[in-house]
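Colleague: Kindly generate the corresponding structure for this input.
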Amino acid sequence: MEVQKKKKRIVNSSAALISIGIHVVLILMAGGIVALKFYKKRGAELQVEESKPKLERRKLQMPVKTEPFIEQMSKPKLQTTSRITANAPQMVNIPEQGEYVKMAPMPTFKGGYTNFVQMDRTLEFNSKYRDVSFGISTVDFFGTRGKAEKVVVVVDTSRSMLYDERGGLESYAMVQKDLREVIGNMRSATLFNVVLFDEDNVSLFTQNMVPASPSAKTNALEWVGGINTNLSLVGLAGRESNYTPRRQYDIPMSTTDITGWLKGFQAAVEMKPEIIFVLSADWGNVTSAQLGISYFLRKDMFAQYQKKRIEFFLKDEGFKQDWEEYTGEFAQLRKVAFKMLQLENQSRQDADLQPKVVRDWDEILIDNEVELPSPPLANDYKSVGVMPEQTRYTLDEVLESFFVMVMDNYRQLGMPQLNFVMLKGDGATVDQSAKASLLTSDAKFQSLAKMTGARYRDLKGMPQVDNQLRQTIDDVLEAIAEDEANMTGEGM
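Modeller: Residues are numbered from 1 along each chain as shown. Here you go, the predicted model:
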């Protein structure tokens, strides 16, 4: 019984498999018939694909990273109102320059200024300025060229620029002409300022750099053009000095002893421009007309030296007599010098020439070969109490003061571009031994330029202005006697 049941199951399973197989064959045959019915053979065709040129993306020559800078800026909040209103603009937080302009750090002196001087007197630095050339102007100031977005020009307006051997007023007019071209050619986005100096007086066009807009250029040119047009007011005489140092510096020079170009340069670096042009006629505030020796004077020490020197001479009766003779002759020659200058300028006025400008009253005596008296000298200078060399700053002391000013203002910005131009007389000669000893103005400026990698250039002035009169001391004394007689007669 069980055997029959197993045979029946096997038969049923085989029948099922046969049925499934027959259905699969029928489905495949039906699919094949449909495919044959709708299949249509296509002819061979040649297909040509159009080749399109690939454009390579050009790399920016001046990569600009704007995303970090934009992300740092605060975005004003949007407010929706039912009516249009005008609100005060919100303050935008713009990052400091050092955060988005990568520049080289300020160079150091390899262990201090003293070691720097004793080693090799060289300074290595590599300043990297901005990657974007927005507002950069090309400036050419008497052959010293540079490109920058922030420019300050420092110009000497003292009587030193008007001396006869340097071409007088015509040389200063040449300086003004070049300065007008420099300012006039600046791009409107360039920030600029002009600093004028006359010994202790320093005057700024504006307290901070301003964009070189047409109105700013016009105002600057009018401001500069009014200097030294009236030689009765030479330099910044009668004008208010509007410069006050913005910080204190730990330097060997006293604040009251920083004068001339160094004080004008101090005003410039405190504005932190990228390029500075300095035009000067002398290095220090004391310059020898004959030898060209120039230095910065220690005013307090010099006053102390003069006082102790007089006290020393008056102690000894022999020295006292010599001193009184010297001061008497000195006073007479001073009167002669003023009369010589008066007669010379009267002659120039008659000839329609510019008046003579002198450093000091004794210069016209030297021009007319008048021998000056020699002051009495002590056998032992130490007995006076103050040595003459103690009354002036050394070159190293001035250079140290210069570098500290630059470092304190540019420590995070890198070294600015520096350009020094010195006005010299046409065919002027200097004592070569003094120049070799770094005592003359041009030798000191050249040394400074070499240390800082700055540009230095001698500016040749206009032809020398010669005196109209050849005067002797006897002729001038007669003229003085006549003036005194006429004054006496008028008084009677």
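Colleague: dump the residue contacts of Thr287.
Modeller: When the contact criterion is Cβ atoms under 8 Å, 6 or more residues apart in numbering, the partners of Thr287 are 160, 293-294, 359, 441. To be clear about C-beta, it is placed using only N, CA and C from the backbone, and glycine gets the same treatment.
Colleague: Quick check: phi and psi at it.
Modeller: Its backbone dihedrals place Thr287 at phi -140, psi 130, with angles given as degrees, to the nearest 10.
Colleague: Could you check how far it is from Glu199?
Modeller: Counting by Cβ to Cβ, to the nearest Å, the gap from Thr287 to Glu199 is 12 Å.
Colleague: ok, now Val139?
Modeller: Counting by Cβ to Cβ, the gap from Val139 to Glu199 is 27 Å.
Colleague: Same drill for these two, tell me which one is more crowded.
Modeller: Legend: neighbour count by other Cβ atoms under 10 Å for Val139 and Glu199, higher for Val139 (23 against 17).
Colleague: continuing past the helix or strand hosting that one, what's the next helix or strand?
Modeller: Using DSSP states H and E, Val139 falls within strand 137-141. If you walk from strand 137-141 toward the C-terminus, the next helix or strand you reach (DSSP H and E) is strand 144-148.
Colleague: got a pLDDT number for Leu279?
Modeller: Per-residue confidence (pLDDT) for Leu279: 96.
Colleague: How about the one 4 residues further on?
Modeller: We note a pLDDT of 95 for Trp283 in this prediction.
Colleague: What residues are bridge-paired with the most centrally placed residue in the chain?
Modeller: What sits nearest the mean C-alpha location of the chain, by Cα atoms, centre = their mean, is Ile276, with 1.5 Å. Here Ile276 sits in beta bridges with Val152, Leu418, as judged by DSSP bridges.
Colleague: From Pro373, how far off is it?
Modeller: To Pro373, Ile276 is 44 Å away according to Cβ to Cβ.
Colleague: And Gln446, by the same measure?
Modeller: The separation that Gln446 has from Pro373, given Cβ to Cβ, amounts to 36 Å.
Colleague: Leu418 touches Lys450, doesn't it?
Modeller: No. The pair formed by Leu418 and Lys450 falls short of the contact definition of Cβ atoms under 8 Å, at 11.5 Å.
Colleague: more neighbours, the two?
Modeller: Leu418 (23 against 13).
Colleague: Let me know whether Asp442 touches Ala449 as I believe.
Modeller: No. In this structure, Asp442 is not within contact of Ala449 by Cβ under 8 Å, at 10.4 Å.
Colleague: and the two? which has more neighbours close in?
Modeller: For the pair Asp442 and Ala449, the greater number of neighbours falls to Asp442 (19 against 16), based on other Cβ under 10 Å.
Colleague: Please name the residues that touch Val465.
Modeller: 164, 167-168, 353-354, 356.
Colleague: Please disregard the earlier target; I meant Thr391.
Modeller: By Cβ under 8 Å, 6+ apart, the neighbours of Thr391 are 297-298, 301-302, 305.
Colleague: Please tell me how far it sits from Gln290.
Modeller: For Thr391, the distance to Gln290 under the criterion Cβ to Cβ works out to 19 Å.
Colleague: Sweet, I'm off.
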